[in-house]
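Peer 1: what follows is a predicted protein model with its sequence.
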Amino acid sequence: MAIFDVISNFDFAYVLSVILPWGGGLMAFLYSFVSSINESFKGLVALSSIMAIGYLPWIFTNFQTIIYLDFVLLDIAILVAVYVTQRYFIKEKTTAYVYLIIGLSIYAFLALSIYLDTNILYNYICWWFWHFHSSVVMFFDLCMIAVLIINRDFLGLIKLKRWLLQLAF
């Protein structure tokens, strides 16, 4: 029961929601920077630096007063930065790029859904979708950090994308 009290504490949730994406992005950046010192491919360094810098503003954010539309706009800005960097500077496709695009798109969609729920429908009573949102965001935070470090398709998302494209065309 004591562990549940710590996890459900607002201060702990706040620290975890700030530290995980930014700190994880920073760790991924430092790891990819150090591991690519003697290599010519610096794509993971660029992508992980975008993620670390992109989530830096959340350290200084008051989560009591922020609206979810701010999350949507930040996720879209990071999504555009990742796309432009991959398209014009990195050139070769990386597994991390696919995971970042999928993760940030899901983030933006879920944050927009929560924004519509709270600010348009004025629903302030916690329901299953809020828990779903939190769980998915934490899961994809960990996945994006892991893929920036290992650059492997450990969830099979690229295989799933290829399979879906074969079905469609």
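Peer 2: Done, it's in.
Peer 1: now the helices for this structure?
Peer 2: Remark: helices assigned in the chain by DSSP state H are 2-8, 10-35, 43-54, 68-85, 95-115, 128-150, 157-168.
Peer 1: just the buried residues of the fourth one, please?
Peer 2: Read it as helix 68-85. Within helix 68-85, the residues that qualify as buried are 68, 71-72, 74-76, 78-79, 81-82, 85, counting by 16 or more other CB atoms under 10 Å. The way it works is simple: take the backbone N, C-alpha and C, and place the C-beta from them, glycine included.
Peer 1: try the last one
Peer 2: Taking 16+ other CB under 10 Å as the basis for neighbour counts, the residues of helix 157-168 that come out buried are Leu157.
Peer 1: what angle do it and helix 128-150 make?
Peer 2: Between helix 157-168 and helix 128-150, the angle comes out at 110 degrees (axes from the mean of the first three to the mean of the last three CA atoms, to 10 degrees).
Peer 1: which ones are touching the residue nearest to Ala81 when sequence neighbours are not counted?
Peer 2: Counting by CB to CB, 6 or more residues apart in numbering, Ile50 is the residue found nearest to Ala81 once chain neighbours are left out, at 5.0 Å. Residues near Ile50 by CB atoms under 8 Å, 6 or more residues apart in numbering: 78, 81-82, 85.
Peer 1: where in the chain is the helix or strand with the lowest mean pLDDT?
Peer 2: Among the helices and strands of the chain, helix 2-8 carries the lowest confidence by mean pLDDT, DSSP states H and E, at a mean of 53.
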